[in-house]
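Novice: Predicted model follows, preceded by the sequence.
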Amino acid sequence: MPIIRAKLIKVPHLFGTKDLRFEDLKPLGFSSRNLIWLKQVHGTEVLVLREKEKIPSFPLPFDAVISDRKDTVLLIRTADCIPIFIWDPENGIIGAVHGGWRGVLKGIISKTISKMQELFSSDPRKLIVALGPSIKGCCYEFKGKEVKDFLKKFGQEVILQKDGIPHLDLPLCAIRELEKCGVQQIEEIPYCTFCDPNFHSWRREKERRRNYNFIALSE
(Lines give C-alpha, C1' and ligand atoms only; values in the text may rest on other atoms or scores of the structure.)
Protein backbone atom coordinates (compact mmCIF):
# COMPACT_ATOMS: atom_id res chain seq x y z
CA MET A 1 0.00 0.00 0.00
CA PRO A 2 1.43 3.46 -0.83
CA ILE A 3 2.54 5.93 1.81
CA ILE A 4 -0.52 7.79 3.06
CA ARG A 5 -0.23 11.55 3.38
CA ALA A 6 -2.70 14.40 3.54
CA LYS A 7 -2.75 16.64 0.49
CA LEU A 8 -3.16 19.83 2.52
CA ILE A 9 -0.33 19.37 5.03
CA LYS A 10 3.05 20.38 3.60
CA VAL A 11 5.33 19.47 6.51
CA PRO A 12 6.80 15.92 6.79
CA HIS A 13 4.14 13.46 7.93
CA LEU A 14 2.63 10.08 7.20
CA PHE A 15 -0.21 7.87 8.33
CA GLY A 16 1.06 4.33 8.80
CA THR A 17 -0.32 0.99 7.73
CA LYS A 18 0.19 -2.28 9.60
CA ASP A 19 3.29 -3.03 7.52
CA LEU A 20 5.17 0.16 8.41
CA ARG A 21 8.39 -0.49 10.32
CA PHE A 22 10.65 1.97 12.10
CA GLU A 23 13.46 1.24 9.65
CA ASP A 24 11.16 2.45 6.88
CA LEU A 25 11.22 5.95 8.36
CA LYS A 26 14.79 6.93 7.51
CA PRO A 27 14.28 7.36 3.74
CA LEU A 28 11.25 9.49 4.56
CA GLY A 29 13.29 11.93 6.63
CA PHE A 30 12.25 10.73 10.08
CA SER A 31 14.58 9.56 12.85
CA SER A 32 13.34 7.10 15.45
CA ARG A 33 15.80 8.63 17.94
CA ASN A 34 13.75 11.82 18.11
CA LEU A 35 10.30 10.31 18.60
CA ILE A 36 7.91 11.78 21.14
CA TRP A 37 5.76 8.93 22.43
CA LEU A 38 2.60 9.82 24.30
CA LYS A 39 1.18 7.31 26.76
CA GLN A 40 -2.30 8.03 25.35
CA VAL A 41 -4.52 7.59 28.40
CA HIS A 42 -7.80 8.66 26.75
CA GLY A 43 -7.74 11.99 28.59
CA THR A 44 -7.59 15.63 27.51
CA GLU A 45 -4.14 16.74 28.65
CA VAL A 46 -1.98 18.49 26.03
CA LEU A 47 1.81 18.32 26.07
CA VAL A 48 3.60 21.50 24.96
CA LEU A 49 7.09 21.21 23.45
CA ARG A 50 8.88 24.51 22.92
CA GLU A 51 12.27 25.29 21.47
CA LYS A 52 15.15 25.38 23.98
CA GLU A 53 12.99 23.94 26.76
CA LYS A 54 13.75 20.55 28.28
CA ILE A 55 11.64 17.66 27.01
CA PRO A 56 9.80 16.02 29.94
CA SER A 57 10.77 12.52 31.00
CA PHE A 58 8.85 9.51 29.74
CA PRO A 59 6.22 8.18 30.17
CA LEU A 60 4.14 11.13 28.98
CA PRO A 61 0.50 10.77 30.14
CA PHE A 62 -0.95 12.93 27.38
CA ASP A 63 -3.25 12.44 24.40
CA ALA A 64 -2.17 15.48 22.40
CA VAL A 65 1.03 17.40 21.78
CA ILE A 66 1.79 20.76 20.16
CA SER A 67 5.29 21.85 19.21
CA ASP A 68 7.44 24.47 17.51
CA ARG A 69 10.55 22.25 17.68
CA LYS A 70 12.36 21.00 14.58
CA ASP A 71 14.36 18.35 16.44
CA THR A 72 11.48 16.04 17.33
CA VAL A 73 9.01 13.76 15.57
CA LEU A 74 5.50 13.49 17.01
CA LEU A 75 4.01 9.98 17.08
CA ILE A 76 0.38 8.96 17.49
CA ARG A 77 -0.44 5.23 17.82
CA THR A 78 -3.86 4.08 16.70
CA ALA A 79 -5.91 0.94 16.11
CA ASP A 80 -9.33 2.44 15.24
CA CYS A 81 -9.00 5.83 16.99
CA ILE A 82 -8.31 8.89 14.84
CA PRO A 83 -4.78 10.24 14.41
CA ILE A 84 -5.30 13.99 13.99
CA PHE A 85 -2.55 16.25 12.67
CA ILE A 86 -2.73 20.04 12.96
CA TRP A 87 -0.45 22.42 11.07
CA ASP A 88 -0.15 26.15 11.60
CA PRO A 89 1.83 27.32 8.54
CA GLU A 90 1.81 30.93 9.65
CA ASN A 91 3.52 30.37 13.01
CA GLY A 92 5.41 27.15 12.30
CA ILE A 93 3.53 24.96 14.77
CA ILE A 94 2.37 21.36 14.54
CA GLY A 95 0.02 19.35 16.69
CA ALA A 96 -0.82 15.66 16.98
CA VAL A 97 -3.93 14.34 18.71
CA HIS A 98 -5.04 10.85 19.69
CA GLY A 99 -8.75 11.00 18.90
CA GLY A 100 -10.46 8.18 20.76
CA TRP A 101 -14.16 8.42 21.52
CA ARG A 102 -13.57 9.38 25.14
CA GLY A 103 -11.15 12.16 24.29
CA VAL A 104 -13.28 13.51 21.45
CA LEU A 105 -16.36 13.55 23.68
CA LYS A 106 -14.42 15.29 26.47
CA GLY A 107 -13.05 17.99 24.15
CA ILE A 108 -9.44 16.99 23.46
CA ILE A 109 -9.58 18.65 20.02
CA SER A 110 -10.87 22.02 21.18
CA LYS A 111 -8.47 22.01 24.11
CA THR A 112 -5.53 21.41 21.78
CA ILE A 113 -6.53 24.27 19.50
CA SER A 114 -7.10 26.56 22.49
CA LYS A 115 -3.55 25.80 23.66
CA MET A 116 -2.23 26.69 20.22
CA GLN A 117 -4.10 29.97 20.33
CA GLU A 118 -2.98 30.77 23.86
CA LEU A 119 0.70 29.86 23.58
CA PHE A 120 1.52 30.39 19.89
CA SER A 121 -1.12 32.89 18.74
CA SER A 122 -2.51 30.42 16.22
CA ASP A 123 -5.55 31.55 14.23
CA PRO A 124 -7.98 28.59 13.88
CA ARG A 125 -9.11 29.92 10.50
CA LYS A 126 -5.58 29.44 9.17
CA LEU A 127 -4.94 26.00 10.65
CA ILE A 128 -4.83 22.96 8.40
CA VAL A 129 -6.06 19.70 9.92
CA ALA A 130 -5.94 16.13 8.65
CA LEU A 131 -7.84 13.17 10.11
CA GLY A 132 -6.00 9.94 9.40
CA PRO A 133 -7.35 6.44 8.87
CA SER A 134 -9.73 5.31 11.61
CA ILE A 135 -12.82 3.22 12.12
CA LYS A 136 -15.76 4.83 10.30
CA GLY A 137 -19.46 4.93 10.92
CA CYS A 138 -19.96 1.95 8.61
CA CYS A 139 -18.31 -0.37 11.15
CA TYR A 140 -18.24 1.35 14.54
CA GLU A 141 -20.97 -0.31 16.57
CA PHE A 142 -21.45 1.86 19.63
CA LYS A 143 -23.90 0.68 22.28
CA GLY A 144 -22.63 2.60 25.30
CA LYS A 145 -24.74 4.92 27.40
CA GLU A 146 -22.70 7.77 25.92
CA VAL A 147 -24.77 7.61 22.71
CA LYS A 148 -27.01 10.29 24.21
CA ASP A 149 -23.98 12.44 25.00
CA PHE A 150 -22.75 12.25 21.39
CA LEU A 151 -26.20 13.11 20.07
CA LYS A 152 -26.44 16.09 22.39
CA LYS A 153 -22.96 17.43 21.64
CA PHE A 154 -22.57 16.70 17.93
CA GLY A 155 -26.08 16.21 16.50
CA GLN A 156 -28.24 13.42 15.13
CA GLU A 157 -26.05 12.74 12.09
CA VAL A 158 -23.16 11.28 14.11
CA ILE A 159 -25.19 8.22 15.17
CA LEU A 160 -26.20 5.88 12.36
CA GLN A 161 -28.66 3.05 12.78
CA LYS A 162 -27.77 -0.21 11.01
CA ASP A 163 -30.07 -3.18 11.65
CA GLY A 164 -31.23 -1.42 14.80
CA ILE A 165 -27.68 -1.07 16.17
CA PRO A 166 -26.20 2.41 16.77
CA HIS A 167 -23.01 3.14 14.83
CA LEU A 168 -20.83 6.12 15.74
CA ASP A 169 -19.33 8.34 13.04
CA LEU A 170 -16.36 9.45 15.13
CA PRO A 171 -14.59 11.38 12.32
CA LEU A 172 -17.75 13.44 11.81
CA CYS A 173 -17.72 14.26 15.53
CA ALA A 174 -14.13 15.45 15.17
CA ILE A 175 -15.00 17.55 12.13
CA ARG A 176 -17.94 19.13 13.97
CA GLU A 177 -15.63 20.02 16.87
CA LEU A 178 -13.01 21.50 14.54
CA GLU A 179 -15.60 23.59 12.73
CA LYS A 180 -16.92 24.83 16.06
CA CYS A 181 -13.38 25.97 16.90
CA GLY A 182 -13.25 27.94 13.65
CA VAL A 183 -11.11 25.56 11.58
CA GLN A 184 -11.95 25.82 7.89
CA GLN A 185 -9.38 23.58 6.18
CA ILE A 186 -10.05 19.95 7.12
CA GLU A 187 -9.07 16.81 5.23
CA GLU A 188 -10.31 13.33 6.14
CA ILE A 189 -8.34 10.34 4.88
CA PRO A 190 -11.05 7.92 3.68
CA TYR A 191 -9.65 4.54 4.82
CA CYS A 192 -11.61 2.63 7.48
CA THR A 193 -9.26 0.66 9.72
CA PHE A 194 -11.91 -1.98 10.38
CA CYS A 195 -12.83 -2.52 6.71
CA ASP A 196 -9.31 -2.36 5.32
CA PRO A 197 -6.96 -5.24 6.26
CA ASN A 198 -3.94 -3.01 5.57
CA PHE A 199 -4.47 -1.47 9.02
CA HIS A 200 -4.49 -2.81 12.55
CA SER A 201 -7.95 -2.66 14.10
CA TRP A 202 -8.62 -3.40 17.75
CA ARG A 203 -12.23 -4.21 17.02
CA ARG A 204 -11.35 -6.62 14.23
CA GLU A 205 -8.20 -8.25 15.64
CA LYS A 206 -8.62 -7.84 19.43
CA GLU A 207 -4.83 -7.45 19.64
CA ARG A 208 -2.65 -4.65 20.94
CA ARG A 209 -0.82 -3.95 17.69
CA ARG A 210 -0.94 -0.37 16.48
CA ASN A 211 -0.64 1.78 13.37
CA TYR A 212 2.09 4.43 13.71
CA ASN A 213 1.46 7.98 12.50
CA PHE A 214 4.18 10.67 12.35
CA ILE A 215 4.47 14.42 11.86
CA ALA A 216 7.44 16.77 12.15
CA LEU A 217 8.52 20.29 11.25
CA SER A 218 10.94 20.74 8.38
CA GLU A 219 14.52 21.64 9.23
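Specialist: Here it is on my side, so go on. Residues are numbered from 1 along each chain as shown.

Novice: So which residues of this structure form helices?
Specialist: With DSSP state H applied, the chain shows helices at 101-106, 108-120, 147-154, 170-181, 202-205, listed in chain order.

Novice: Indicate which one of the ones you listed is closest to Gly164.
Specialist: With distances scored as C-beta to C-beta, the stretch of the helices of the chain nearest to Gly164 is helix 147-154 (13.0 Å). In short, each C-beta sits where N, CA and C put it, glycine included.

Novice: okay, the angle between that closest one and helix 170-181?
Specialist: Taking axes from the mean of the first three to the mean of the last three C-alpha atoms, to 10 degrees, helix 147-154 and helix 170-181 form an angle of 40 degrees between their directions.

Novice: which parts of helix 147-154 are buried?
Specialist: Of the residues in helix 147-154, those scored as buried under the neighbour-count criterion (16 or more other C-beta atoms under 10 Å) are 150, 153-154.

Novice: do stretch 97-110 as well
Specialist: Using 16+ other C-beta under 10 Å as the test for burial, stretch 97-110 gives 97-101, 103-106, 108-110.

Novice: repeat for stretch 204-215
Specialist: When neighbours are counted by 16+ other C-beta under 10 Å, the buried residues of stretch 204-215 are found to be 204-205, 210-215.

Novice: Sort out which one of these lies nearest Ile9 for me.
Specialist: Out of the buried residues of stretch 204-215, the one with the shortest distance to Ile9 is Ile215. That distance is 7.6 Å, counting by C-beta to C-beta.

Novice: The closest one and Leu25: what is the separation?
Specialist: In this structure, Ile215 and Leu25 are separated by 12 Å, where distance is defined by C-beta to C-beta, to the nearest Å.

Novice: dump the residue contacts of Glu118.
Specialist: Applying C-beta atoms under 8 Å, 6 or more residues apart in numbering, one finds that Glu118 lies in contact with no residue.

Novice: For burial, what's the neighbour tally of the nearest residue to Ser114 once chain neighbours are set aside?
Specialist: Leaving aside its sequence neighbours, Ser114 sits nearest to Cys181 (C-beta to C-beta, 6 or more residues apart in numbering; 7.9 Å). Neighbourhood size, Cys181 [other C-beta atoms under 10 Å]: 19.

Novice: For Cys181, report the pLDDT, please.
Specialist: What the model reports for Cys181 is a pLDDT of 98.
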